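>>> Structure for this input, please:
(one chain, ligands or ions: 1)
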Amino acid sequence: MAACIASCTPRLGQADDEQVIAAMTLEEKVSLLVGTCKDWNLVPEAAPATRHREPVPEGYWDTYQGNTAAMKGKVSGAAGVSYAIPRLGIPGIVLADGPVGLRIDSVCTAFPSTVALAATRDTDLVYRVGQAIGEEMNYYGVDILLAPGINIMRNPLCGRNYEYMSSEPDIAGAMASAYVRGVQSQGVGACIKHFAANNQETYRNGIDVRVSDTVLRTRYLSAFEQIVKQAQPWTVMSAYNKINGVYASENTYLLTDILRGEWGFEGFVMTDWWAEEDPVRMQLAGNDMLMPGTQEQIDTLIAAVKDGRLDERVLDRNLMNVLRIIRRTPAFRNKGKSNPENKNLPDLLENHAALAREAAAKGMVLLRNEQALPLASYDKSVALLGKASYDTYVGGTGSGRVTRPYSVMLSDALAEAGYILDTMAQERYTDHIHLSRSVQPQESAWFMPYVSELTWTKQELQQMAQNNDLCILTIQRMAGEGGDRHLTEGDYYLTSVEKQLIRDASEAFHRLNKPMILILNMGSAVEITDIVSYPDAILMAWLPGQEAGHAILDVLTGQVAPQGKLPMPFYVRYEDVPSANNFPSSDGDPNKVCYREGLTKPARTLFDVGYGLTY
Ligand code: BGC
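Below you'll find the predicted structure:
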């Protein structure tokens, strides 16, 4: 009898999925549809502005009934794990963030921001980046990458633009399809996010996006549609926000009618993290997995089935979607063993660093060049200005931050290549950065220390112009998940110190017929209209990943000819942004944003989508 129970129990992959589901208890079914987060130390840190509710009462998590076994031996720093049912041969699968590289606690390659990947317009290159991330997933035992983010860059102030790809659906669609195909070529899954109309961080978990069906489909769903049809991502992450009054995670029209019915999506849908809407409505709408999962959700779903509010067949339908994907994962295929091919980590990271450098350089966009670039071979001494030249940002903040092995600053790359840096500038910046950082908390996923820009007198700049062959000045902006950028000096606008420095340095160097080059180190546009004609060259370097300094220098020297094309515009004035009057809310109502921009093209751009020079 005991032998029969063991041998008669259907196991995933051996029996039909229907039979496996039929053998599950209600508790098992519900648990598999809700992620596991039992112990506090396994709970991924919730991003700012994700939770609706007050912090859970003390002791709440102690009563959590998820299966810790599923978490045992799993990947530290992963965003979530699904529930394992060993008796039915169902493993827990590991989900970890991207998109600019794999985000876990161990060291992974930090690739350039996805907007920079999109700027390359090189689908083969982006495929190779996806492939490399997939290799690292296999190495560490991650089954699904929570990337790429493909929300349309509706406004330059959106905090997560660096993680997205374009303001244009066709660019985002083509580039993200290549990314997804690359990741999935390694036998692991991708997750396109955040479905849909999550174009801002301000009140992202409750904002009601009011948008017409035509605009929704042509501008905000189109990239998702292209990727689903071209690349069949294993999973889709629903967005936090509402669309026309209904949460995306509870939206049957979006998740079932359009995604599965019209586009033929075959994977499973998961919520964004801690999206704590009504679990019953989410299951009904086709939101298969609730992540990272709470006991409250489990209890609610079980009670709803028991009291007849939720037909158990809805759970079965959703479980079919989940099991179909679990069967493809390394966790299932390799019986939980990671690193199946036993690849050597140092080799892997070294190869990927070269790829990160290539991608970063190819994604940079040359916005202006008055015969200043590429640098002449006799240009050897550099007045390197701007704190960003010594403290180059390699990525943005939030769940897209990668535990990178190192970051190459522009100053390091120049020195390494034999350039002589102006000592006065180098010393002042190095001391200033060191001092500013030492009195602030350490840099982390959710915090970037602030370092102010230094001022230089005209006299000092003239002296530097005398002593050096050229001037390179970098300005930077940080942005990321959990907040939007501001329409203030130091954020969207340049500060008066920055403007003055650009003007004065340009004048001092021009007087001696020496070039002044401006580098932009940021994930989205700033307003540069007033200073655009001062520098001899302007290079949009984005947030270029761990190889930042090397990649910038590759372009400056002409080692790599610039090929990047803007995936989103630089506007003349903020007022020219089509969504300017409807971002991040409309009609004085903080809960609502109307997408009134319709289908019109931006009125006035300084540099439009597709712009980019070369040499
Ligand atoms: C973000 C997602 C991310 C998830 C897991 C959320 O806060 O919005 O993009 O994948 O956390 O870390």
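
>>> Output the set of residues of the stretch 201-350 of the chain in proximity to the ligand.
Taking CB under 6 Å from any ligand atom as the measure of proximity, the stretch 201-350 of the chain contacts the ligand at 272-273. Using the backbone N, CA and C atoms, a C-beta is placed for each residue, glycine as well.

>>> Run through the strands of the stretch 201-350 of the chain in chain order.
Applying DSSP state E, counting those that start in this stretch to the stretch 201-350 of the chain gives strands spanning 208-210, 235-238, 242-243, 246-247, 268-270.

>>> Around the residue of the stretch 351-500 of the chain found nearest the ligand, count how many other residues there are.
The ligand sits closest to Ser399 of the stretch 351-500 of the chain, with a gap of 3.8 Å, by CB to the nearest ligand atom. Using other CB atoms under 10 Å, the number of residues around Ser399 comes to 26.

>>> still on that earlier bit, I'd like the strands of the stretch 201-350 of the chain as JSON lines, with mean neighbour count and mean pLDDT appended.
What follows is the strands of the stretch 201-350 of the chain, written out as JSON lines (neighbours: other CB atoms under 10 Å; pLDDT from 0 to 100):
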{"stretch": "strand 208-210", "mean neighbour count": "21", "mean pLDDT": "98"}
{"stretch": "strand 235-238", "mean neighbour count": "27", "mean pLDDT": "98"}
{"stretch": "strand 242-243", "mean neighbour count": "23", "mean pLDDT": "98"}
{"stretch": "strand 246-247", "mean neighbour count": "20", "mean pLDDT": "97"}
{"stretch": "strand 268-270", "mean neighbour count": "27", "mean pLDDT": "98"}
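
>>> And those: which comes nearest Pro590?
For the strands of the stretch 201-350 of the chain, proximity to Pro590 was assessed by CB to CB; strand 208-210 is nearest, at 10.4 Å.

>>> Quick one: residues in contact with that closest one.
By CB atoms under 8 Å, 6 or more residues apart in numbering, the residues outside strand 208-210 that reach it are 197, 199, 241-245, 586, 591-595.

>>> if we go to 7 Å?
Contacts of strand 208-210 with the rest of the structure, by CB atoms under 7 Å, 6 or more residues apart in numbering, involve 197, 241-245, 591-595.

>>> Closest one to Ala561 out of those, please.
Relative to Ala561, and with distances defined as CB to CB, the nearest of these is Ala197, at 37.5 Å.

>>> Provide a list of residues in contact with the closest one.
Applying CB under 7 Å, 6+ apart as the definition, the contact partners of Ala197 turn out to be 209, 211, 216, 220, 239, 241, 243.

>>> Also Arg604?
For Arg604, the contacting residues are 571-572, 576, by CB under 7 Å, 6+ apart.

>>> give me that answer again for 8 Å
By CB under 8 Å, 6+ apart, the residues touching Arg604 are 571-573, 576.

>>> List only buried entries from those.
Neighbour counting with 16 or more other CB atoms under 10 Å marks 571-572, 576 as buried within those.

>>> So which of these is the closest to Trp234?
Compare each of the buried ones among the contacts of Arg604 with Trp234 using CB to CB and the shortest gap goes to Tyr571, at 36.8 Å.

>>> The closest one against Phe607, yeah?
No. Proximity of Tyr571 to Phe607 does not meet the contact threshold set by CB atoms under 8 Å, at 9.0 Å.

>>> What is the helix or strand Ala118 falls within packed up against?
For Ala118, the host element (DSSP states H and E) is helix 114-120. The helices and strands touching helix 114-120, judged by 3 or more CB pairs under 8 Å, 6 or more residues apart in numbering; DSSP states H and E, are helix 123-140, helix 169-184, helix 345-363.

>>> Now render these as CSV, adding mean pLDDT, distance to Glu547 and mean neighbour count.
Formatted as CSV, the helices and strands packed on helix 114-120 follow (pLDDT from 0 to 100; distance: least, CB to CB, whole Å; neighbours: other CB atoms under 10 Å):
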stretch, mean pLDDT, distance to Glu547, mean neighbour count
helix 123-140, 96, 12, 23
helix 169-184, 98, 18, 25
helix 345-363, 95, 4, 20
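
>>> and Thr294, which of those is closest to it?
The closest of those to Thr294 is helix 123-140. By CB to CB, the value is 26.0 Å.

>>> Tell me the one among the contacts of strand 208-210 nearest to the ligand.
Nearest to the ligand among these: Asn241, at 11.0 Å, using CB to the nearest ligand atom.

>>> about what we covered before: distance to Thr488 added to the helices and strands packed on helix 114-120, as CSV?
Rendered in CSV, the data for these read as follows (distance: least, CB to CB, whole Å):
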stretch, distance to Thr488
helix 123-140, 34
helix 169-184, 28
helix 345-363, 27
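
>>> just for the protein, where's the confidence low?
1-7, 37-74, 335-343, 599-602 (pLDDT under 70).

>>> Next, Ser438: phi, psi?
In terms of degrees, to the nearest 10, the main-chain angles of Ser438 are phi -70, psi -20.

>>> burial measure for it, as a count.
When neighbours are counted by other CB under 10 Å, Ser438 registers 8.

>>> Could you number the chain from 3 rather than 1 from now on?
Happy to do that; since the first residue is 3 now, the last one works out to Ser440.

>>> before we move on, back to that, would you turn the strands of the stretch 203-352 of the chain into a markdown table with distance to Ser391?
Rendered in a markdown table, the data for the strands of the stretch 203-352 of the chain read as follows (distance: least, CB to CB, whole Å):
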| stretch | distance to Ser391 |
| --- | --- |
| strand 210-212 | 39 |
| strand 237-240 | 37 |
| strand 244-245 | 43 |
| strand 248-249 | 44 |
| strand 270-272 | 41 |
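
>>> Nearest approach to Thr559 belongs to which of these?
Nearest to Thr559, of all the strands of the stretch 203-352 of the chain, is strand 237-240, at 40.3 Å by CB to CB.

>>> And the residue nearest the centre of the chain?
Among the residues of the chain, Glu165 comes closest to the average C-alpha position under CA atoms, centre = their mean, at 3.1 Å.

>>> Pretty sure that residue sits against Gly151.
Yes. The pair formed by Glu165 and Gly151 meets the contact definition of CB under 8 Å, at 4.3 Å.

>>> list residues touching both of the two?
101, 116, 402.

>>> Contact partners for Ala121?
Contacts were defined as CB under 8 Å, 6+ apart; by that measure Ala121 touches 365-367, 542, 544, 566-569, 614.

>>> Filter those residues down to the buried ones, PyMOL style.
To isolate the buried members of the contacts of Ala121 in PyMOL, using 16+ other CB under 10 Å:
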select buried, resi 365+366+367+542+544+566+567+568+569+614
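
>>> Tell me which of the contacts of Ala121 fall in helices.
With helices taken from DSSP state H, the overlap with the contacts of Ala121 comprises Gly365.

>>> Could you dump the contacts of Ala121 into JSON lines and include distance to Gly492?
JSON lines is the format used below for these (distance: CB to CB, whole Å):
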{"residue": "Gly365", "distance to Gly492": "25"}
{"residue": "Met366", "distance to Gly492": "23"}
{"residue": "Val367", "distance to Gly492": "23"}
{"residue": "Met542", "distance to Gly492": "19"}
{"residue": "Trp544", "distance to Gly492": "19"}
{"residue": "Gly566", "distance to Gly492": "26"}
{"residue": "Lys567", "distance to Gly492": "28"}
{"residue": "Leu568", "distance to Gly492": "23"}
{"residue": "Pro569", "distance to Gly492": "24"}
{"residue": "Gly614", "distance to Gly492": "27"}
